[in-house]
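Novice: Mind looking at a prediction? Sequence and model below.
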Amino acid sequence: MVNRVVVGAHYGLKDWLVQRVTAVVMAVFTLVFVTMLLFLPKLEFAVWKSIFSQGWIRLATFIFVLSVLIHAWIGMRDIWMDYIKPTGLRLLLQVLTILWLVACGGWAMQILWRL
């Protein structure tokens, strides 16, 4: 009989799927945004401000930023779990990663809603 050793938090399929969905969201947003920028007559602050004054652009950008943060968290958490064996150090790195991502998200939202 084989004794199976169960380790880890078993995020597995859910996190794999979230990684793929967030990647698709980021890719679609990037393609739409770059396409939109290609059709602008010139890129200056007034034009940039008018683009982000539209509610749907702000919402799409918010979803994009949220996708980046979730994607980065899952990736970094998996790296820490795979390569950092001391539990205390791994926990510290995960907490620092969370704090960094929350700060980046707050900064992005401040920029987005201040425009």
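Specialist: Perfect, I can see it now.
Novice: Can you tell me, leaving aside adjacent residues, what's nearest to the most centrally placed residue in the chain?
Specialist: For the chain, the residue nearest the mean C-alpha position is V68 (1.4 Å; CA atoms, centre = their mean). Nearest residue to V68, sequence neighbours excluded (CB to CB, 6 or more residues apart in numbering): M26, at 6.3 Å. Backbone N, C-alpha and C define where each C-beta goes, glycine included.
Novice: Going by neighbour count, which residues in stretch 59-76 are buried?
Specialist: By neighbour count with 16 or more other CB atoms under 10 Å, stretch 59-76 contains the buried residues 60-61, 64-65, 67-74, 76.
Novice: tell me the mean pLDDT for that stretch?
Specialist: Mean pLDDT, stretch 59-76: 96.
Novice: chain center to that stretch: distance?
Specialist: 2 Å (CA atoms, centre = their mean, to the nearest Å).
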